[in-house]
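Participant: Sequence plus predicted model, see below.
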Amino acid sequence: MKALSLILFLLSLTLTLTNSKAENIRNDVSTEQIKDQIFQLKKSPIITKLSQGIVAPIILKDDIAVLDAQGSLYLLDNENLSDLKWQLNLSTKRYIRASLLYQSDYIFCTIENVVYKIDPEKCEIIWQKELKAPVRGKVAILNDVLIALTVDNYLYAISVKDSSLTWNYQSSQVEFTKLNSASPIAQDDIIVVPFSSGDVVAFNEYGEKLWEHKLPTSDFLDHPFTAIISASRIQEKKVIITNGSGIFALNLSSGDEIWSQTLNVKAVSEVTKNSLFIITSDNKVVALDLLNGQQIWTLELTKIDNSTYFNEPVFAQDKLFITTNQGVLMELDPSTGTIEKVNSIPKGTYHSLVSSGSSFYVTTNGGGLFKMRILYG
């Protein structure tokens, strides 16, 4: 029955390609099952798709870390998820906002207004820092400075070594902040912070403001309440920012706009070579040329029902993968937008795939952590 439902779902997809390769649309798309599925966690991650607390697992060399709904962090062997290396109980309260980051051999975890630095080799909390308000998005790290943006538009620069406050910045207050707001990013000795007021501000690691850019908005409801709705990306000296009005490429050094597209963006992929892929609020997948912002192709998806949720596209193994909360994984040709395969995965996935080699990982609403190898033929 599951395979039949996937086939019906696939037949309901409407393909609209805007480039010259439209004649290459495949009509023999196969539907397959995920092989070697492994269930690990008894406690499920956080509950709803709007919650930033649905935390994707992170890869640590030969291990994988995942956070459950009760604030327990698990470290598992990457090759064998039944090998639990340790469990660290960080919080005793149910949370909504959380994030995980692995950098410089340490895990940085946020749960609501607390930031943790964890040594995964020793299963030890090096330090924990309590902030005045919950952290919005993920933290970013530049050299020895950890950057955390809180929901009240307060920016903290914290010493990675000892958690002391290095500098701070207060942006204008807003009345509401979306749970899936964008995160600060750091690259090339520049920190770029997307404030929910619509201001994009760049700093150096010492807190000196380098430039500021105000994103245009389409209507009152788009500013400041949904000013930025997906993460900023940096590639080739560009910053890619999205809000309810469109997608914008800014010069990393100056903040000047390079190009923009008027699209209602719901999710955006990491930059892949000279392309990036977005999902719009009307459930279209759009490939954009990073150099000029022009659309390369468009794929229109038809939802199974109103509860269908499409997660952020992921580029891995030279393919583009899109998951849904309905238990569907689509594999696309990134150059044409052609759907090549559709796979069955656990339902209740509200984050993009995490890939490591030939393996893929998802956490689900009610199911725990799954490791998948997709076998064909």
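Facilitator: Thanks, I have the structure now.

Participant: okay, V66: pLDDT?
Facilitator: At V66, the predicted lDDT confidence score is 89.

Participant: Can you name the next helix or strand after the host helix or strand of it?
Facilitator: Taking DSSP states H and E as the definition, one finds V66 inside strand 63-67. Scanning forward in sequence from strand 63-67 by DSSP H and E, the next helix or strand is strand 72-77.

Participant: What residues sit buried inside the helix or strand that comes right after that following strand?
Facilitator: Moving toward the C-terminus from strand 72-77, the next helix or strand (DSSP H and E) is strand 84-89. In terms of neighbour count (16 or more other CB atoms under 10 Å), strand 84-89 has its buried residues at L88. The way it works is simple: take the backbone N, C-alpha and C, and place the C-beta from them, glycine included.

Participant: for the following helix or strand past strand 84-89, the distance to its chain's centre please.
Facilitator: Counting by DSSP H and E, the next helix or strand C-terminal to strand 84-89 is strand 98-103. Taking the mean of its C-alpha atoms, strand 98-103 sits 11 Å from the chain's own mean (CA atoms, centre = their mean, to the nearest Å).

Participant: and what of stretch 310-319?
Facilitator: So, by CA atoms, centre = their mean, the centroid of stretch 310-319 is 11 Å from its chain's centroid.

Participant: Kindly export it (C-alpha atoms) in CSV.
Facilitator: Provided in CSV are the C-alpha atoms of stretch 310-319 (Å, rounded to 0.1, in the frame of the first residue of the first chain):
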residue,chain,number,x,y,z
PHE,A,310,8.4,20.0,1.9
ASN,A,311,11.8,20.3,3.6
GLU,A,312,14.9,22.2,2.5
PRO,A,313,16.5,20.7,-0.7
VAL,A,314,19.8,18.9,-0.1
PHE,A,315,22.6,18.4,-2.7
ALA,A,316,24.5,15.1,-2.1
GLN,A,317,26.2,12.6,-4.4
ASP,A,318,25.6,14.9,-7.4
LYS,A,319,21.8,14.6,-6.9
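
Participant: Buried ones in that stretch, by neighbour count?
Facilitator: Buried-residue list, stretch 310-319, by 16+ other CB under 10 Å: F310, N311, E312, P313, V314, F315, A316.

Participant: closest to A267 among the residues you listed?
Facilitator: E312 (4.1 Å; CB to CB).

Participant: I figured I247 was touching L290, is that so?
Facilitator: No. Using CB atoms under 8 Å, I247 is not in contact with L290; the gap is 10.9 Å.

Participant: tell me, what's touching these two both at once?
Facilitator: I240 (CB atoms under 8 Å, 6 or more residues apart in numbering).

Participant: The two: which is more packed in?
Facilitator: Counted by other CB atoms under 10 Å, I247 and L290 do not tie: I247 has more neighbours, with 23 against 20.

Participant: residues in contact with the more buried one?
Facilitator: I240, I241, S260, Q261, L263, V265, V268, I278, L288, G293.

Participant: Redo those as TSV? Include neighbour count and pLDDT.
Facilitator: Formatted as TSV, the contacts of I247 follow (neighbours: other CB atoms under 10 Å; pLDDT from 0 to 100):
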residue	neighbour count	pLDDT
I240	25	88
I241	27	88
S260	16	92
Q261	18	91
L263	21	87
V265	22	83
V268	25	85
I278	24	90
L288	25	94
G293	18	92
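
Participant: Extract the residue ranges of the stretch 1-150 of the chain that are flagged as low pLDDT.
Facilitator: 1-54 (pLDDT under 70).

Participant: So which residues of it form helices?
Facilitator: 2-11 (DSSP state H, counting those that start in this stretch).

Participant: For W211, see how far away S99 is.
Facilitator: 26 Å (CB to CB, to the nearest Å).

Participant: K341 too?
Facilitator: Noted for K341: a distance of 44 Å to W211, by CB to CB.

Participant: what about S99 and W211, which has more around it?
Facilitator: Ranked by neighbour count (other CB under 10 Å), S99 and W211 place S99 first, with 22 against 17.

Participant: Pretty sure that one sits against E112.
Facilitator: No. Using CB under 8 Å as the test, S99 is too far from E112 to be in contact (10.6 Å).

Participant: Now do the shared contacts for these two.
Facilitator: Shared contacts of S99 and E112, defined by CB under 8 Å, 6+ apart, are found at V135.

Participant: Give the burial count for the spatially closest residue to K85 that is not a sequence neighbour, as a bare number.
Facilitator: Distances taken as CB to CB, 6 or more residues apart in numbering put L75 closest to K85, at 4.5 Å, once the chain neighbours are dropped. The tally of other residues near L75 (other CB under 10 Å) stands at 20.

Participant: Quick check: end-to-end length of stretch 88-107?
Facilitator: End-to-end span of stretch 88-107 (CA to CA, to the nearest Å): 12 Å.

Participant: and that stretch, how far from the chain's centre?
Facilitator: The answer for stretch 88-107 is 16 Å, by CA atoms, centre = their mean.

Participant: May I see the buried residues of that stretch?
Facilitator: Result for stretch 88-107 [16+ other CB under 10 Å]: buried residues 88, 90-91, 95-102, 106-107.

Participant: now stretch 251-268
Facilitator: L252, G255, I258, W259, S260, Q261, L263, N264, V265, K266, A267, V268.

Participant: go on, stretch 322-337?
Facilitator: For stretch 322-337, by 16+ other CB under 10 Å, it's 322-334, 336-337.

Participant: ok, now stretch 333-351?
Facilitator: Applying 16+ other CB under 10 Å to stretch 333-351 flags 333-334, 336-346, 348-351 as buried.

Participant: next one: stretch 350-362
Facilitator: Neighbour-count burial for stretch 350-362 [16+ other CB under 10 Å]: Y350, H351, S352, L353, V354, S355, S356, S359, F360, Y361, V362.

Participant: what does that stretch rub up against?
Facilitator: Stretch 350-362 is contacted from outside by 48-49, 54-59, 64, 78, 267, 309, 311-314, 316-317, 321, 323, 325, 329, 345-346, 349, 363, 365, 369-374, using CB under 8 Å, 6+ apart.
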